[in-house]
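Engineer: got a structure for you, letters missing:
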């Protein structure tokens with residue numbers, strides 16, 4: 001059972017992501033987020049790198065810390081990678097990035113996995129000394145489970161060998177139990193990287209189900225599919241309060257400090273997610289009777 005103070009403590013360290021298209025609709029990031037917030041800029045298949053650079057620059061100008069995604073399978077050559085990293089550094093002051101395989105099934109060029117990008121040495125060359133990599137508590141449909149684990153261990157070793165700061169950012173999920181089991185696996189295998197757990201922001205059940213299916217979310221998707229079976233509930237807004245309560249309780253017991261924070265996926269809207277999260281961060285919520293979830297109080301909604 002989580003306490004209110006544990007839930008508030010969970011909100012102290014967080015990041016959020018945006019696409020270039022979503023960012024273009026946000027009038028002011030600093031009106032929604034504190035200065036220094038890490039904002040990831042996704043790179044979906046077909047995205048123009050110029051848009052990613054422009055979005056990163058705007059985030060920096062608004063006082064945020066831009067964290068662009070660097071997708072291995074979308075980069076045609078090593079020369080293209082060097083040009084891209086140089087532009088991110090020179091035009092947007094980028095000092096950290098999330099390095100991933102990417103959504104393409106077939107690579108555009110020579111890179112197929114995140115570790116191949118890291119081994120080029122170009123991130124250190126261009127001053128990117130803090131690197132996030134993907135974590136998959138429930139696996140991923142694109143890669144065999146043993147391969148996912150092997151890549152995780154290889155990336156952790158790569159960072160340790162070079163003395164670079166690395167952290168894991170997970171795919172979003174809907175239950176805390178798979179996260180806790182996966183973090184135990186990390187500890188058992190000597191992976192001491194800090195972890196940011198993916199949390200979906202408030203969104204309709206229909207929207208969450210669509211993203212969960214697109215991203216190949218594992219068993220925790222049953223939380224959504226059970227509710228989606230009732231057509232009348234498809235437009236009901238689902239909040240991640242039960243997931244956050246479970247994570248907050250785990251974090252309070254995590255003496256090793258491995259759970260570094262959470263990463264917000266604003267599927268229901270960027271401003272909507274920020275406003276809901278800011279209310280939770282300010283303590284404007286009430287725990288339910290079981291202590292397994294919470295809801296915002298009226299004063300938070302009114303504000």
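Structural biologist: That came in fine, so what should we check first? Being a predicted model, the structure only gives us computed values, none of them experimental.
Engineer: what secondary structure does residue 90 sit in?
Structural biologist: helix (DSSP: H, G, I helix; E, B strand; the rest coil).
Engineer: Kindly report the same for residue 66.
Structural biologist: Under three-state DSSP, the three-state class of residue 66 is strand.
Engineer: Tell me how far it lies from residue 43.
Structural biologist: 12 Å (C-beta to C-beta, to the nearest Å). Quick note: C-beta positions are derived from backbone N, CA and C, even for glycine.
Engineer: In contact with the residue nearest the centre of the chain: list those residues for me.
Structural biologist: Relative to the mean C-alpha position of the chain, the nearest C-alpha, by C-alpha atoms, centre = their mean, is the one of residue 263, at 4.0 Å. By C-beta atoms under 8 Å, 6 or more residues apart in numbering, the contact list for residue 263 reads 14, 15, 16, 17, 40, 169, 170, 196, 197, 198, 199.
Engineer: 6 Å instead, please
Structural biologist: 15, 169, 196, 198 (C-beta atoms under 6 Å, 6 or more residues apart in numbering).
Engineer: got it, and residue 193?
Structural biologist: 156, 166, 167, 168 are the contacts of residue 193 under C-beta under 6 Å, 6+ apart.
Engineer: By neighbour count, which of those residues wins?
Structural biologist: For these, the largest neighbour count, defined by other C-beta atoms under 10 Å, is 25 neighbours, found at residue 168.
Engineer: How about the secondary structure of that residue?
Structural biologist: Strictly by three-state DSSP, residue 168 counts as strand.
Engineer: any idea how far it lies from residue 34?
Structural biologist: Distance from residue 168 to residue 34, by C-beta to C-beta: 23 Å.
Engineer: quick one on the thing from earlier: from the contacts of residue 193, which has minimum pLDDT?
Structural biologist: Lowest pLDDT within the contacts of residue 193 is found at residue 156 (90).
Engineer: Report the secondary structure element holding that residue.
Structural biologist: helix 145-162 (DSSP states H and E).
Engineer: and that helix, what other elements does it pack with?
Structural biologist: Using 3 or more C-beta pairs under 6 Å, 6 or more residues apart in numbering; DSSP states H and E, the elements in contact with helix 145-162 are helix 114-118.
Engineer: Determine the set of other helices and strands touching the next helix or strand after the helix it packs on.
Structural biologist: Note on helix 114-118: by DSSP H and E, the next helix or strand toward the C-terminus is helix 122-125. Counting by 3+ C-beta pairs under 6 Å, 6+ apart, the packing neighbours recorded for helix 122-125 are helix 78-92.
Engineer: What sits closest to residue 162 if chain neighbours are left out?
Structural biologist: Closest residue to residue 162 apart from its sequence neighbours, by C-beta to C-beta, 6 or more residues apart in numbering: residue 124 at 7.0 Å.
Engineer: Where do the strands of the protein begin and end?
Structural biologist: 14-18, 38-41, 65-71, 96-100, 130-135, 165-172, 195-200, 203-204, 237-238, 259-265, 285-287, 294-296 (DSSP state E).
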